[in-house]
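*Asks:* Let's see this in three dimensions:
(2 chains)
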Amino acid sequence: MKFKTFAAFVAPSLILMLVFIAAPLVSVLWQSFHLTQTVYETVEVETCTPGFVTQTCVLETRSRPVLDEAGQPMTETRFVGLEAYRNVLEPARAGAALRAGRLGELLNIDFYKALRFTLTFTILTLPLVLGVGLALALAVNNAISLIRGPVIFLSLLPFIITPVIGALSIRWLFVGDGILTRLLEWWLARDIAMFAQGWTIELLMLFYRVWHVAPFAFVIFYAGLQTVNMDTLESATIDGASRFERLRYVIVPHLMPLIIFVSLIHLMDSYRVFEEIVGFRSQAHVISLQWLTYDFLTPDDAGNRAVSRASASSMLTMIGIVILLIPLLRRTWRDHRRSSR
Amino acid sequence: MSAPSSLRQPLALRLTSAGFLVFWCIVATFPLFWITVMSFKSPVDAFAANPLHVILGPETRAGGDGLSIMDVVAGVAVLILAVRLATGALPRAVARYSPQGRLWLGWIVGALLFALATLVVVLWILPLLLTLLDPWVGFLGEPLVGLTWEHYRAVWWENAFYRNFLNSLLVTAGVVSISLTVGTLAGFALARSGSNLAFWLLIIALVFRALPHSVLVTGYLPPFINSAELLRPILGEFAPTLYGQPWAVIVVLVSINQPFTIWMLRSFFQSIPTELDEAARVDGCTHFEAFRRVIMPVMWPGVITTGLFSFLLAYNDYLVTSLLLDAQNQTMVPAIASYFNRETTTTDQVEAVAAAVSITAPLFVLVMVFQRQIVSGLTAGAVKG
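*Replies:* Numbering: from 1, shown residues only, chains lettered A, B, ... in the order given. Just a heads-up that it's a prediction; the model follows:
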């Protein structure tokens, strides 16, 4: 295929990606060093009220937004350097907390709170998703073929459901008078409030994420199991390998590329954890990095969006993604060089 | 497939694995099943302590809403009839009345008409008939299980949820059609070109796929709000404010989805033998003609699968739509957030549940119809790439 034809075919897609993915990244970087504010001016206003003999006059200074010709409040954008980053990271408070050795205080600062949750969430869900997915794939592979279709159908439901709705549906089971809370209360004979403290919410979020993603791992592993070489399995049996050893030394190595693939996708996706916070309404206890940015972007009561802080927290989130991607990119690059040589 | 005797499993293992499957199926479906049941009950029943009360709904029944044996029988009969029509008469009618060579158009119109007719019969004609008939058939007409459509009526009619539904429809239709058009072109070129440039494009797309959407939205928001001023030098008087425009959101979602789309379509194009388009080229087609007349007709499975995943992205999105659209033209998923804010009484809660079930229902149908394509789409990326 000639370069010109190639370019013509790729152009629409490439232009979309450049304008709506690459350009916003540059603009985020720029915004994170700049602050846009309404310009205020201080004016002296003399207010007079009729008094007994003379008027009582009060001189006070007020600040009011400067209006341009069209009557709109004027805004100015200025370079503020790292101020937005300082606002997000709060190095003074964080340093004080660290020096005093009080980790709890550090985790009271929004950014570190979000970072802590995002990382633990990512790391804890990964083995659970892989384990449940693999177990399901093996179990379905064992089952008679008649029930495989229905099981796959039922398994796809949690995967395909809108994330916010999925989180909500689990939340409704566990709210104060939800059916599973009632069940737990009856079983443990004590009052339970699942949404009153952080760790129970995090448990529910972990459960939700595994429930939501395990089907994906399951379908992929199940497809991989169909291509396991039966002869290898049989010869392993003849050599005296037990059932577990066959799983450990034949099946898992065969599935290894798929396990890596699922892990990578899962790491990328769970690093972006967001919908759980919305669905479980956990912002008072648990927040994630992406939610932090979202919160900065949501207008506050006065209708202002903290764009500059949002940009700073976006850039900090990106650093994590880059660290996550480097091993993957290096591996792909090596594979590509090997295959093209 | 019969396993060799040496690989047969002991009974205990089989029972464990069967038990695990049953347990998983219950876990997978229980939350969805339960909110569906809840959405049809009066608030007292929906949050009752006794699970049987939630399922049978005594309070709802006492309120005069319920299903009698005859209602159930009639409902099941209508459903069976609908399924038989959908699998029998509908395809025949579509095949006969579709314009020549535009079968897909016939299917879209046919499916829409059929869905509309089914809804009218199930929601309007059937209840009307049954309320007339129930008093005449004695105990068969006595309500047995409490069930009420009240919350759905409140959500869809009084709270005008249909507007959000129409917005969702507009956004998803736009995203699916545009991202497939743009994506197939790029995917085809990337699959057929082995150059370094193609490789780098794919890698960049991979990096873009990993970006959190909030980062991108941070980039869009200020320019979108001020776009009327920014674009005035280029477009003059007609410069639009992009914030709050559904079509702007469509373009944004298409772009965000583009990396994933081209990766998936590329892997489907790679499974089509190169000989096919080479033959077309020998016969005198240009690249584009070969793509349109020879490759696309055999690409339908891949296009449908990728379309499904584009649909899911657009339909399920919360972050982008809630930040870039304003309250007047919100799509369904962010609109449900307005229920959280006033979820104070139990009636509000059950209405929120009904809204959530309404959002899930189309997805349920989607899995039923397209299960095979979804599975093939999931495995296409993994097994080949």
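*Asks:* ok, now which ones touch residue B:64?
*Replies:* When contacts are counted by Cβ atoms under 8 Å, 6 or more residues apart in numbering or on different chains, residue B:64 touches residue B:143. (Each C-beta comes from the backbone N, C-alpha and C, glycine too.)
*Asks:* for it, helix, strand, or coil?
*Replies:* Per DSSP: H, G, I helix; E, B strand; the rest coil, the secondary structure class of residue B:64 is coil.
*Asks:* Quick one: the strands in chain A, in order.
*Replies:* For chain A, the strands defined by DSSP state E occupy A:34-38, A:40-49, A:56-65, A:75-79.
*Asks:* Tell me the strands beside the third one, with direction?
*Replies:* I take that to be strand A:56-65. Using DSSP bridges, strand A:56-65 pairs in its sheet with strand A:40-49 (antiparallel).
*Asks:* what about the helices in the stretch 51-200 of chain A?
*Replies:* For the stretch 51-200 of chain A, the helices defined by DSSP state H, counting those that start in this stretch occupy A:83-89, A:91-99, A:103-106, A:110-142, A:145-160, A:163-174, A:179-188, A:198-225.
*Asks:* hang on, the earlier thing: looking at the strands of chain A, which is buried most?
*Replies:* strand A:34-38 (a mean of 15; mean count of other Cβ atoms under 10 Å in any protein chain shown).
*Asks:* The strands of chain A: which one's closest to residue A:123?
*Replies:* strand A:34-38 (35.0 Å; Cβ to Cβ).
*Asks:* could you give the angle of that closest one to strand A:56-65?
*Replies:* Taking axes from the mean of the first three to the mean of the last three Cα atoms, to 10 degrees, one finds that strand A:34-38 is oriented at 140 degrees with respect to strand A:56-65.
*Asks:* Can you pull the residues of the stretch 1-150 of chain A lying near chain B?
*Replies:* A:1, A:3, A:5-6, A:9-10, A:12-14, A:16-17, A:19-28, A:31, A:36, A:132, A:135-136, A:138-140, A:142-143, A:147, A:149 (Cβ under 8 Å from any Cβ of the partner chain).
*Asks:* Out of those, which end up buried?
*Replies:* A:5-6, A:9-10, A:12-14, A:16-17, A:20-21, A:24-25, A:27-28, A:31, A:132, A:135-136, A:138-140, A:142 (16 or more other Cβ atoms under 10 Å in any protein chain shown).
*Asks:* What about the closest residue to chain A within the stretch 151-300 of chain B, how many residues nearby?
*Replies:* Nearest residue of the stretch 151-300 of chain B to chain A: residue B:219, at 2.5 Å (Cβ to the nearest Cβ). When neighbours are defined as other Cβ atoms under 10 Å in any protein chain shown, residue B:219 has 26 of them.
*Asks:* tell me the contacts of it?
*Replies:* A:23-28, A:31.
*Asks:* and if we set it to 7 Å?
*Replies:* The contact partners of residue B:219, taken as Cβ atoms under 7 Å, 6 or more residues apart in numbering or on different chains, are A:24-25, A:27-28.
*Asks:* got the CA coordinates for stretch A:251-265 in CSV?
*Replies:* Coordinates of each C-alpha in stretch A:251-265 appear next as CSV, following Å, rounded to 0.1, in the frame of the first residue of the first chain:
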residue,chain,number,x,y,z
ILE,A,251,-2.4,-25.0,31.6
VAL,A,252,-1.2,-21.8,33.3
PRO,A,253,2.0,-21.5,31.1
HIS,A,254,-0.3,-22.0,28.1
LEU,A,255,-2.5,-19.2,29.3
MET,A,256,0.4,-16.9,30.3
PRO,A,257,0.1,-14.4,27.4
LEU,A,258,-3.6,-14.1,28.1
ILE,A,259,-3.0,-13.6,31.8
ILE,A,260,-0.6,-10.8,31.0
PHE,A,261,-3.1,-9.3,28.6
VAL,A,262,-5.9,-9.4,31.1
SER,A,263,-3.6,-8.0,33.9
LEU,A,264,-2.6,-5.1,31.7
ILE,A,265,-6.1,-4.2,30.7
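*Asks:* With that, I have no additional questions.
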